[in-house]
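>>> the following comprises the amino acid sequence and a computationally predicted model.
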Amino acid sequence: MREHVILIINISTMNEYVTLNHGSGGNQTHELVKHVFVKRFGMIEPLTDSAILKEPGFTLAITTDSYVVDPLFFPGGNIGKLAVCGTVNDLAVSGAVPLYLSASFIIEEGFRMSDLEIIAGSMAEEASNAGVKIVAGDTKVVEKGKCDKLFITTSGTGILKPDLDHISTGKRIKSGDKLIINGPVGNHAIAVLGARNRLDFSTSVISDCASLNYLIQTVLNECKEIHFMRDLTRGGLATVLNELAQMISSGIIIDETSIPVDDPVKGLCEILGFDPLYLANEGKILIVTGDEEHKKVLEILHSHPSGKHSAVIGEIVPDHKDYVILNTLIGGKRILDIPSGMQLPRIC
Amino acid sequence: MNNRGLKYIDEYRDKDLVLNLINHIKKSATHNYVFMEVCGGHTSAIHRFGIPSLLPGNIRLISGPGCPVCVTGTDFIDKAIIYSKKEEVIITTFGDLIRVPGSASSLEKEKAMGADIRIVFSGLEALDIARMNPDRKVIFLGIGFETTAPGTAVTIKLAREKGIKNFWLLCAHKVMPPAMEAIIKAGTKLDGFICPGHVATITGSVAFKFIPEKHNMGCVITGFEPSDILQAILMLIRQVNRKAPDVEIQYTRAVTASGNTIAQRNLSEIFEHCNTRWRGFGMIPSSGLKLQKEYEDFDAEKIMPVEISYNEDNPLCICGDILRGLKTPPECSLFKVACSPENPIGACMVSNEGTCNSYYKYLHNE
Amino acid sequence: MCLSVPARIVSIDGKMADVSVGGTIFKAGLHMVENVRVGDYILIHAGFAIQKISDKEAQETLKLLKELNDLQNE
């Protein structure tokens, strides 16, 4: 009896506060979203990158994202560029043609006007590159200390062809389908970590943040057997793979040797004890292709700057239901789990 | 990007080398063998590369108390938390310690509630923070074994040389050999040790001679790449087969018999041995390090004594037995019921490489 | 114990060095190693060089493992 009381107290005190782990994109993020928001809002699972809404005569995709990156400026981009790319990509990987964005800004008192202008300029440039229009917005200024310099939220909408709504749910995925990634993982996370300058290292790695909608549209127009797409962000490749395995109730086998990782990212991961498969990306997509179409997809990707190092990294399998199995570098096997909390630099 | 690979790392991950080692292991493993590693780095490498999936069923690898996180007592975390609540204090710590549960909270939770707790990669970074914040009191949480303690020793020496007056150490450094001896004396059934290669770069292989000489058990000082670990397992199997226990160095590119004498001199100048509690193990004589009298003015506890009530570990937690290799996680009544990676109760679940943490990820999926 | 990785010394300034692992540069204290030069590889742990890697021994180990390979193929 007494033992049970001890156990209950332990569990309830553990989850009283939101911690940084709840924002890291792994298990705890999922738990927070599920228990606090999804049920209350009446959202239907599985949760996808964009909500697909069918109306008479057209199908709409809507998505929203908040950007709180620190620092605001990093090699390869800034918070503004991210805010446009991220939302454009979420629409594009759902099969939609992104059309319109809204942008809200929460600005800390004392923020430099010149920085705000640079960031807005990046947003305009990126929107133009992606062929989308920013048509609505909001601005709030809060007292010093009430927010960390600048937070941006962008929402986006686009139109979807009716025969593409399986792209985000993976309904057409079958055993034997191949998984493709469009380049090396972890670059965004390392670029941002380096720019933060808190762990005393320097790196030449630049963020991969880029709008991929035109590339994705080309793939969707020319290839008929695209069975799934998803954007890799926080939580990394491992999170998306696990989400997919759960969604389709199938197994996934991944070949570690074929996952592209740049040397400086590898080196940093070795020293700090990070796993590149759990690092954040902002210009990477996972594509699942059927019926030998992977060769054509690779051809299209390889001819684009954001897809030069694309590779087939794995396959859907009927066994190991719900799980992701990694064939390791040395030919061993292990389960690739969903990350739990943020990765922290270790000495052990 | 022009990727050329990582030198002294990738060569030891060659698939062909590994597969051939596995074949030799299979041929040589004529009995049942149980080998223990006592290093979080080894636990991590074994798991990461999928080594258990390649080994034959008659070889069992168990994880001992090789993770400084796992063996750090709740009292250490509780003290650190009390210091963190003082407004003038900045706590500097390695990332490993952030999630370790104290008796009621953790550094991570305290950070979420506003305490100034900063993750550093090195003692030198912590010293820099002290230098740049002269009006604050910087306390560095010193955890780790012989690989890490010399760096702390150098940091303390530099603090003295540079006259930095606002830097202190809360020390929980430990040394490995007494814990290995405690495991043997606990009666754990073992055929040999996979010895921690990086501890040995400092101590030299001499520090492990007592294992064959006093206890008639073999040990191999091992590197951290998959071919290192497999080569060491092959060497251990051969020692057992020949009934010739010895201390052998597999990790010759970094380990010598006498070790790093400069690091050893720094250690003995700043620290002395003391008895200390290992979480799940109790008191192990001469297994801890504390500051020598001459450097006591850097001891956080001497300058700012704190009172904590000593808390026993959760009575249902059997981490001690798991760390000694006597029980497995499924035999613990808290495992998966109340103790999980998101809500760890005991040491073995806290660390990513803790036995229970690995088991949770593997076995709950089967 | 534990996370310690071979890194190449790219520059030395007194007791501190810039070291590279795959192109990411870290700072390492050289207080515990001697006779190291630019181009040497050291093991970096918690911001310090704890040992110099012996290239001779590194190659010996690989040679031994490859010979194991040849034995297997006979």
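Sure thing, it's come through.
>>> ok, then the element right after the helix or strand containing A:Leu101?
Element membership for A:Leu101, per DSSP states H and E: strand A:96-108. Counting by DSSP H and E, the next helix or strand C-terminal to strand A:96-108 is helix A:113-130.
>>> can I get that next one in PDB, CA atoms only?
This file holds the C-alpha atoms of helix A:113-130, laid out as PDB (Å, rounded to 0.1, in the frame of the first residue of the first chain):
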ATOM      1  CA  MET A 113      15.100  48.300 -36.200                       C
ATOM      2  CA  SER A 114      17.800  47.600 -38.700                       C
ATOM      3  CA  ASP A 115      17.800  43.900 -37.700                       C
ATOM      4  CA  LEU A 116      14.000  43.800 -38.200                       C
ATOM      5  CA  GLU A 117      14.400  45.300 -41.600                       C
ATOM      6  CA  ILE A 118      17.000  42.700 -42.600                       C
ATOM      7  CA  ILE A 119      14.700  39.900 -41.400                       C
ATOM      8  CA  ALA A 120      11.700  41.300 -43.200                       C
ATOM      9  CA  GLY A 121      13.800  41.700 -46.300                       C
ATOM     10  CA  SER A 122      14.800  38.000 -46.100                       C
ATOM     11  CA  MET A 123      11.200  37.000 -45.800                       C
ATOM     12  CA  ALA A 124      10.300  39.000 -48.900                       C
ATOM     13  CA  GLU A 125      13.100  37.500 -50.800                       C
ATOM     14  CA  GLU A 126      12.300  34.000 -49.800                       C
ATOM     15  CA  ALA A 127       8.600  34.400 -50.500                       C
ATOM     16  CA  SER A 128       9.500  35.700 -54.000                       C
ATOM     17  CA  ASN A 129      11.800  32.700 -54.500                       C
ATOM     18  CA  ALA A 130       9.000  30.400 -53.500                       C
END
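>>> quick one: strands adjacent to the longest strand seen in chain C?
Counting residues, the longest strand found in chain C (DSSP state E) is strand C:5-13. Each strand paired with strand C:5-13, and its direction, by DSSP bridges: strand C:16-21 (antiparallel), strand C:41-45 (antiparallel).
>>> please compute how far the first one lies from its chain's middle.
Averaged C-alpha coordinates place strand C:16-21 at 11 Å from its chain's average position (Cα atoms, centre = their mean, to the nearest Å).
>>> for the shortest one, same thing?
Going by Cα atoms, centre = their mean, the spacing between the C-alpha centre of strand C:41-45 and its chain's C-alpha centre is 5 Å.
>>> interface residues of the stretch 201-350 of chain B facing chain A?
B:226, B:314-316, B:334, B:337-338, B:341-343, B:345 (Cβ under 8 Å from any Cβ of the partner chain). C-beta here means a position set from N, CA and C on the backbone, and glycine is covered the same way.
>>> of those residues, grab the buried ones for PyMOL.
To isolate the buried members of these in PyMOL, using 16 or more other Cβ atoms under 10 Å in any protein chain shown:
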select buried, chain B and resi 226+314+316+334+338+341+342+345
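>>> what two of the residues of the stretch 201-350 of chain B next to chain A are the furthest from one another?
Farthest apart among these by Cβ to Cβ are B:Pro226 and B:Pro315. That separation is 39.2 Å.
>>> picking that back up, next, the buried residues of the longest strand of chain C.
Judged by neighbour count (16+ other Cβ under 10 Å), strand C:5-13 contains these buried residues: C:5-9, C:12.
>>> kindly report the same for stretch B:258-278.
For stretch B:258-278, the neighbour count (16+ other Cβ under 10 Å) marks B:259-260, B:262-264, B:266-267, B:270-271, B:276-278 as buried.
>>> one more: stretch B:182-189?
Applying 16+ other Cβ under 10 Å to stretch B:182-189 flags B:182-184, B:188 as buried.
>>> could you identify the least confident member of these?
Among those, B:Thr188 has the lowest pLDDT, at 86.
>>> OK, contacts around that one?
With contacts defined as Cβ atoms under 8 Å, 6 or more residues apart in numbering or on different chains, B:Thr188 is in contact with B:36, B:324-326.
>>> how about the contacts made by residue 248?
All of this is about chain A. A:170, A:173, A:316.
>>> meant chain B actually
B:218-221, B:235, B:239.
>>> next, it: secondary structure please.
strand (DSSP: H, G, I helix; E, B strand; the rest coil).
>>> next, give phi and psi for residue 57.
Going with chain A. Dihedral pair for A:Gly57: phi 100, psi -20, per degrees, to the nearest 10.
>>> please go with chain C instead
Per-residue torsions, C:Glu57: phi -70, psi -40 (degrees, to the nearest 10).
>>> now do the closest residue to A:Lys178 other than its chain neighbours against chain C, distance only.
Nearest residue to A:Lys178 in three dimensions, chain neighbours excluded: A:His294, at 4.2 Å (Cβ to Cβ, 6 or more residues apart in numbering or on different chains). Separation of A:His294 from chain C (Cβ to the nearest Cβ, to the nearest Å): 29 Å.
>>> and A:His294, how many neighbours?
Residues contacting A:His294 under the criterion other Cβ atoms under 10 Å in any protein chain shown number 22.
>>> hmm, A:Gly176 and it touching each other?
No - using Cβ atoms under 8 Å, A:His294 is not in contact with A:Gly176, being 10.7 Å away.
>>> contact residues of the stretch 201-348 of chain A facing chain B?
Counting by Cβ under 8 Å from any Cβ, the residues of the stretch 201-348 of chain A near chain B are A:201, A:262-264, A:266-267, A:270, A:272-273, A:323, A:326-335, A:337, A:340-341, A:344-348.
>>> mind checking how far A:Glu126 is from A:Thr87?
Distance, A:Glu126 to A:Thr87, using Cβ to Cβ, to the nearest Å: 10 Å.
>>> the more surrounded of those two?
The neighbour comparison of A:Glu126 against A:Thr87 (other Cβ under 10 Å) goes to A:Thr87, with 29 against 23.
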